[in-house]
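Peer 1: Generate a structure from the sequence data that follows.
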Amino acid sequence: MTWAAISTWRMSFDGLSEASVLLDKGINAGDAVEKLINVVENNEHYKSVGFGGLPNEEGIVQMDAGFMDGDTFAQGSVASIENVKNAVSVARKLSENKTNSFLVGDGATKFAAKNGFEMTNMLTEKAKKEWQERLNVNQQEQLRAYDGHDTVGAVTLDQQGSMAAATSTSGLFMKKDGRIGDSPLSGSGFYADSQVGAAAATGLGEDIMKGCLSYEIVRKMAEGQSPQDACDQALFSFAKTLKDRYGSCDAISLIALNSKGEWGVATNVEFAFCVSDNEHDVKIMIAQPTAKDMTKIFPMTKKWLADYQKRTESTID
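Peer 2: This is a model prediction of the structure:
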């Protein structure tokens, strides 16, 4: 039976590997996508997701996450949640609710504690040192948000034909207290329809949410476009419009999977992603934009991986 999974960034490789084992055993798409993202959230080396995520300008780690069941359209989200080990699991739990399925701030944190989710201080020493270094550099200047915004987003298709999509992020480093990007917003950061396909986004949330890009990709796939064409057309058409009307368009990367297990990726920057299915082992791929408003995709090189590992595991002296 066909199963498939795709996820954003090199950091999702281990999570996608574990999710692939589950999917191959017949586990459902929701369990697989939650497990995939939990693995990323639990790794303190990844500075833009979960434990070890970099804090806002006040030194507080605030996380956003979303989950959607492609069979029922049930969706749950949390934003600016604090001291919770796995934000995406809280989002999935909220997707069981007819109402009150999107909670923010103290409300989200209280819900997590009441429902038995693991609570912990999410600010690691490494992340705290980096925050303090940034404060020292900018003590005479207005604080500016770091331009990194590496959300982990993932889409899964199980052997029963069900699909799920989910995201998790600690957001922009040095962001304003309470800032929320696209990641917990259905239609922007993620969207899933098991009869058609699903998509997820990573990049600057303030730009992604202007185009509702995850929903737009699924809509285009419903009209018969391949995942690759849907991703390219959604991204590059919107990026041009945003530049013309808003004046700029920051980094945006999109992933998609249809109900047949076919995938697509589009990006306006260099972007790494992971993908697997019932016929192929997990692999890391690199995507780059071309001058023809298309995305070039090729296998990751050993040098690229070595450079990535060095950046990821670097520490502040």
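Peer 1: Endpoints of stretch 241-256, how far apart?
Peer 2: Stretch 241-256 has an end-to-end distance of 22 Å (C-alpha to C-alpha, to the nearest Å).
Peer 1: Make residue 1 into 33 and carry on from there
Peer 2: Taking 33 as the first residue, the last one we looked at is stretch 273-288.
Peer 1: can you give me how far it is from the chain middle?
Peer 2: 17 Å (C-alpha atoms, centre = their mean, to the nearest Å).
Peer 1: quick one: buried residues of it?
Peer 2: Buried residues in stretch 273-288, counted by 16 or more other C-beta atoms under 10 Å: 274, 281-288. C-beta here means a position set from N, CA and C on the backbone, and glycine is covered the same way.
Peer 1: Of these, which belong to strands?
Peer 2: Using DSSP state E, the members of the buried residues of stretch 273-288 that fall within strands are 284-288.
Peer 1: Nearest to residue 257 among those?
Peer 2: Closest approach to residue 257 among these (C-beta to C-beta): residue 288, at 9.9 Å.
Peer 1: any idea how far that closest one is from residue 246?
Peer 2: According to C-beta to C-beta, to the nearest Å, residue 288 stands 8 Å off from residue 246.
Peer 1: what residues are shared contacts of the two?
Peer 2: 231-232 (C-beta atoms under 8 Å, 6 or more residues apart in numbering).
Peer 1: Contact partners for the spatially closest residue to residue 114 that is not a sequence neighbour?
Peer 2: Nearest non-adjacent residue to residue 114, counting by C-beta to C-beta, 6 or more residues apart in numbering: residue 141, 5.3 Å away. By C-beta under 8 Å, 6+ apart, residue 141 lies in contact with 113-116.
Peer 1: quick one on the thing from earlier: could I get the buried residues of stretch 273-288 as TSV with pLDDT?
Peer 2: Formatted as TSV, the buried residues of stretch 273-288 follow (pLDDT from 0 to 100):
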residue	pLDDT
274	98
281	95
282	94
283	94
284	97
285	97
286	98
287	98
288	98
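Peer 1: And these, which is closest to residue 333?
Peer 2: residue 285 (18.8 Å).
Peer 1: quick one: that closest one and residue 298, what's the gap?
Peer 2: From residue 285 over to residue 298 (counting by C-beta to C-beta), the distance is 7 Å.
Peer 1: and for those two, which residues touch both?
Peer 2: Counting by C-beta under 8 Å, 6+ apart, the residues touching both residue 285 and residue 298 are residue 319.
Peer 1: outside of the helix or strand hosting residue 261, which residues touch it?
Peer 2: According to DSSP states H and E, residue 261 maps onto helix 259-277. Under the contact criterion C-beta under 8 Å, 6+ apart, helix 259-277 has outside partners 229, 231, 239, 242-243, 245, 248-250, 252-253, 257, 280-281, 284, 286-290, 294-300, 321, 325-327.
Peer 1: Check the spacing between the residue lying closest to residue 236 once chain neighbours are set aside and residue 241 real quick.
Peer 2: Closest residue in space to residue 236, ignoring its immediate chain neighbours: residue 282 at 3.7 Å, by C-beta to C-beta, 6+ apart. According to C-beta to C-beta, residue 282 stands 12 Å off from residue 241.
Peer 1: which secondary element of this structure has the worst mean pLDDT?
Peer 2: Ranked by mean pLDDT, DSSP states H and E, the weakest helix or strand in the chain is helix 334-344, scoring a mean of 75.
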